[in-house]
Every structure is written in C-alpha cells, then in structure tokens.
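Participant: Got a predicted model here, sequence first, then my questions.
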Amino acid sequence: MDKKIVDIDAKDKRILYELEQNCRLPLGKIAKAVGLSKQTLHYRIQRLIEQKVIVSFITVINIAKLGFVNHEVWLQLEAIPEEEKEAFVNYLVNHKSIRLVGTCGGKFDFLIAVLAENSVQFNNLFREIIRKFPKHVRNYSFSIPIEFYTYPRTHFLDKEEKKKQFIIAGEPKRIELDETELKLLSLIAENSRIPTVELATKIGITAHTARAKIKRLELDGVIEGYKIMFDHSKIGYENYEILATLQNMTMQKEKELETYCALNPYSTFLLKCIGKWDIDFAFDAKNSEHFQQTLTDFRSRFGGIIKDYEFASIIKWEKFTYYPFK
C-alpha cells in the first residue's frame with residue numbers, strides 16, 4: 001500500500017469537511033462555504049480523487065428502517081499464507097450481507113459488519129463464513145450497535161464551529177419500499193453524487209419522480225445524509241477505536257461520556273452497543289503520541305466506569321457501504 005503523504009492545504013481540509021457534511025449539495029453551495037469559485041472547487045475535488053484521498057461518495061442509510069440489525073465482528077486470524085488471507089478478504093468483500101470490511105492493527109486483524117434481520121439469521125450467516133474458512137479465524141468478538149453518533153472532523157477547520165452529527169438509532173422497523181426505491185438505494189448508496197437525471201435514466205423513471213422518491217426516503221429517515229469516504233492515512237492521520245466494557249454507569253456519567261466524544265475535535269463516531277463491548281469510540285490521531293494522549297485522557301476521565309477495554313487501529317477500509325444488497 002502506498003504510504004506517501006499527500007500535501008493538502010487549509011482549503012482542501014475545508015473541502016473534505018464540507019463534503020463529509022453533505023457531499024450531494026450542488027458544487028455552487030459547497031464552493032460558497034469553502035470560499036472558492038465553482039471551477040476551482042471542481043478542480044480541487046478531482047485532484048483529491050486522483051490522489052486517492054477521496055475514496056468514494058456514500059449515502060448514509062439507516063438500515064434499521066429497512067428491518068436490519070448491524071452486527072459488528074472483530075476477527076483475529078490464524079497465521080495463514082498471504083494468498084489464503086486475500087481469498088478470505090475477497091469473500092468478505094463480495095458477501096451481500098456484509099456492509100463493511102476493515103483491515104486492523106493491534107489485537108484484531110479485521111472488522112466486519114454483517115446485516116441480518118435477527119440473531120438467528122446472523123448466526124447462520126456467520127457460521128457459514130466459519131464453515132467455509134474453518135482454519136482462518138482464531139478468535140472473534142461480537143457487538144451490536146444500538147445507537148450510532150457520527151461527528152464531523154472539526155479539527156480540519158481553522159476556527160471553532162458548532163458540532164453537527166448524524167444520529168442513527170432506533171428499533172429495527174421495516175418501512176415498505178417499492179422496487180424502484182430499492183433500485184434507487186442500490187445506485188445512490190456508493191455514489192451519492194450521482195446526478196438525479198442519470199439516476200432516473202438508470203432506473204427508468206422521470207427525474208421528477210427520482211427527486212420525489214429521494215425526498216420521501218430522507219423524510220422517512222431511510223436516508224440520513226450524504227458523506228465521503230477518504231483515506232485518512234493519505235493525509236497523515238491514523239484512525240483508532242477504543243472498545244470498552246462499562247460498569248457503575250449512571251445517566252450523568254453517560255451524558256458526560258457523550259459530551260466528551262461530541263466536543264473532542266478529533267472524534268469521528270460513538271457507538272453504544274450490546275454484546276462484548278458497551279461502547280466503541282473512534283477518533284483520528286496525528287501520530288502514536290497523540291493516540292496515547294487521547295487514550296490516557298479517556299481512561300483518566302472515565303476510569304470509574306471502564307471495566308475493560310481494547311483498542312484497534314483501522315488501517316484500510318476494504319469495503320464500506322450502508323447498503324450492500326445488489
């Protein structure tokens with residue numbers, strides 16, 4: 001993997017920040033927020049894509065609204081030949097029920113997220129993976145996110161800005177969608193900047209109908225937003241996740257934890273889970289020293305409620321989508 005750091009300036013960081021908030025906005029609106037001409041903005045975005053800083057434009061879909069539960073599995077592999085590991089990763093990436101596959105550093109080798117309607121279906125899906133690769137997985141841990149808070153990277157900005165966030169939560173409750181709406185989700189999931197006219201043409205509907213259906217999906221909370229995926233390592237950052245089991249939790253402590261994560265300019269998301277871990281807190285780190293400082297500060301502030309913890313670095317996302325069904 002190419003480890004060369006791409007040199008980006010304050011304007012590039014502002015572009016990444018704005019695209020993370022809503023990458024489906026017209027370029028004119030993003031250009032105004034960034035303080036560039038539309039033409040210059042287009043050039044800079046294309047350059048960031050060519051430099052492989054921007055990996056994809058994705059749609060944030062609340063899969064609970066489609067009747068699915070997100071099951072996260074942290075995998076520790078046996079010492080297997082590289083070609084066998086590659087075959088294993090390819091299988092995971094192409095699996096229609098797996099929405100993300102991440103290569104990790106630390107105790108775990110991979111993080112995957114499996115979508116299933118219930119625990120029985122998840123068990124069948126996961127056991128199928130284990131049976132297909134019986135000698136690959138040494139150990140694993142499960143967690144099921146029940147609330148998901150994502151935070152914008154305010155450390156990209158030169159000035160203070162009020163924190164905004166996506167909040168994805170709630171009991172799985174299927175909203176009935178027609179075939180056209182399911183096709184629309186499939187197309188827009190991994191290309192959130194696809195023009196409405198092109199989207200309509202691919203599905204075989206009018207642009208007016210496409211706009212109306214997108215609006216309905218947004219109002220119903222199926223589509224939560226539009227953001228970019230980018231390679232943090234390309235611009236000199238490392239991404240870490242702290243996985244913690246909690247004890248002696250009170251409503252006050254829970255609020256303090258939420259506030260800490262929301263106000264940390266380097267935080268990227270907080271998951272509240274059931275299973276092996278109670279929370280999963282993710283953040284960007286400038287280097288290993290910055291990571292250690294954040295970990296130490298986190299443990300110091302919340303040592304009274306942390307029973308156990310692990311941490312992992314996300315080296316690369318092999319697959320990241322909120323809608324893997326094709």
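Facilitator: Received it, and whenever you're ready, just let me know what you need.
Participant: Buried residues, the host helix or strand of residue 256. List them.
Facilitator: Assigned by DSSP states H and E, residue 256 belongs to helix 251-263. For helix 251-263, a neighbour-count test (16 or more other C-beta atoms under 10 Å) marks 257, 260, 261 as buried. Where C-beta positions appear, they are placed from N, C-alpha and C, glycine not excepted.
Participant: okay if I get those as TSV plus distance to residue 97 and pLDDT?
Facilitator: Shown next, in TSV, are those (distance: C-beta to C-beta, whole Å; pLDDT from 0 to 100):
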residue	distance to residue 97	pLDDT
257	31	95
260	34	94
261	29	93
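Participant: quick one: which of these is nearest to residue 309?
Facilitator: residue 257 (13.0 Å; C-beta to C-beta).
Participant: So the closest residue to the closest one other than its chain neighbours versus residue 240, what's the distance?
Facilitator: Spatially, and ignoring its direct neighbours in sequence, residue 257 is nearest to residue 302 (6.2 Å; C-beta to C-beta, 6 or more residues apart in numbering). Counting by C-beta to C-beta, to the nearest Å, the gap from residue 302 to residue 240 is 16 Å.
Participant: and these two? which has more neighbours close in?
Facilitator: Taking other C-beta atoms under 10 Å, residue 302 and residue 240 do not tie; residue 240 has more neighbours (23 against 20).
Participant: so which of the buried residues of helix 251-263 would you say is closest to residue 108?
Facilitator: Among the buried residues of helix 251-263, and counting by C-beta to C-beta, the member closest to residue 108 is residue 261, at 21.2 Å.
Participant: Next up, the contacts around the closest one.
Facilitator: Residue 261 makes contacts with 149, 151, 267, 270, 281, as judged by C-beta atoms under 8 Å, 6 or more residues apart in numbering.
Participant: can I assume the second one is in contact with residue 268?
Facilitator: Going back to what we said before, that points to residue 151. Yes: applying C-beta atoms under 8 Å, one finds residue 151 in contact with residue 268, separated by 5.9 Å.
Participant: Which single one of the buried residues of helix 251-263 is nearest to residue 44?
Facilitator: residue 261 (30.3 Å).
Participant: give me every residue that touches the nearest residue in space to the closest one that is not next to it in sequence.
Facilitator: Of all residues beyond its chain neighbours, the one nearest residue 261 is residue 270 (4.4 Å), with distances taken as C-beta to C-beta, 6+ apart. Neighbouring residues of residue 270 by C-beta under 8 Å, 6+ apart: 148, 149, 151, 257, 258, 261, 262, 279, 280, 281, 282.
Participant: Assign residue 270 to helix, strand or coil.
Facilitator: What DSSP: H, G, I helix; E, B strand; the rest coil gives for residue 270 is strand.
Participant: next one: the one 3 residues further on
Facilitator: The assignment at residue 273 comes out as strand when based on three-state DSSP.
Participant: Any idea what it is bridged to?
Facilitator: Residue 273 forms beta bridges with residue 145, as assigned by DSSP bridges.
Participant: before we move on, the earlier item: in JSON lines: the contacts of residue 261, plus secondary structure.
Facilitator: Shown next, in JSON lines, are the contacts of residue 261 (three-state DSSP):
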{"residue": "149", "secondary structure": "strand"}
{"residue": "151", "secondary structure": "coil"}
{"residue": "267", "secondary structure": "strand"}
{"residue": "270", "secondary structure": "strand"}
{"residue": "281", "secondary structure": "strand"}
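Participant: how near is the residue nearest to residue 257 to residue 271?
Facilitator: Distance of residue 302 to residue 271, computed by C-beta to C-beta: 15 Å.
Participant: Over stretch 124-137, what's the mean pLDDT, rounded is fine.
Facilitator: Per-region confidence: stretch 124-137 scores 94 on mean pLDDT.
Participant: For the stretch 101-250 of the chain, which segments count as helices?
Facilitator: Secondary structure of the stretch 101-250 of the chain, counting by DSSP state H, counting those that start in this stretch: helices at 119-132, 179-189, 196-203, 207-219.
Participant: Out of those, which is the most enclosed?
Facilitator: Mean neighbour count (mean count of other C-beta atoms under 10 Å) peaks for helix 179-189 among the helices of the stretch 101-250 of the chain, with a mean of 18.
Participant: For that helix, enumerate the helices and strands it packs against.
Facilitator: When contacts are defined as 3 or more C-beta pairs under 8 Å, 6 or more residues apart in numbering; DSSP states H and E, helix 179-189 packs onto strand 54-61, helix 196-203, helix 207-219.
Participant: cutoff 6 Å now
Facilitator: helix 196-203 (3 or more C-beta pairs under 6 Å, 6 or more residues apart in numbering; DSSP states H and E).
Participant: what number of residues lie near the closest residue in space to residue 311 that isn't next to it in sequence?
Facilitator: Among residues not flanking residue 311 along the chain, residue 242 sits closest, at 5.1 Å (C-beta to C-beta, 6+ apart). Neighbour count for residue 242, taken as other C-beta under 10 Å: 22.
Participant: Who does residue 242 form a beta bridge with?
Facilitator: Applying DSSP bridges, one finds that residue 242 bridges with residue 281, residue 311.
Participant: Distance check, it against residue 292.
Facilitator: Going from residue 242 to residue 292 by C-beta to C-beta gives 12 Å.
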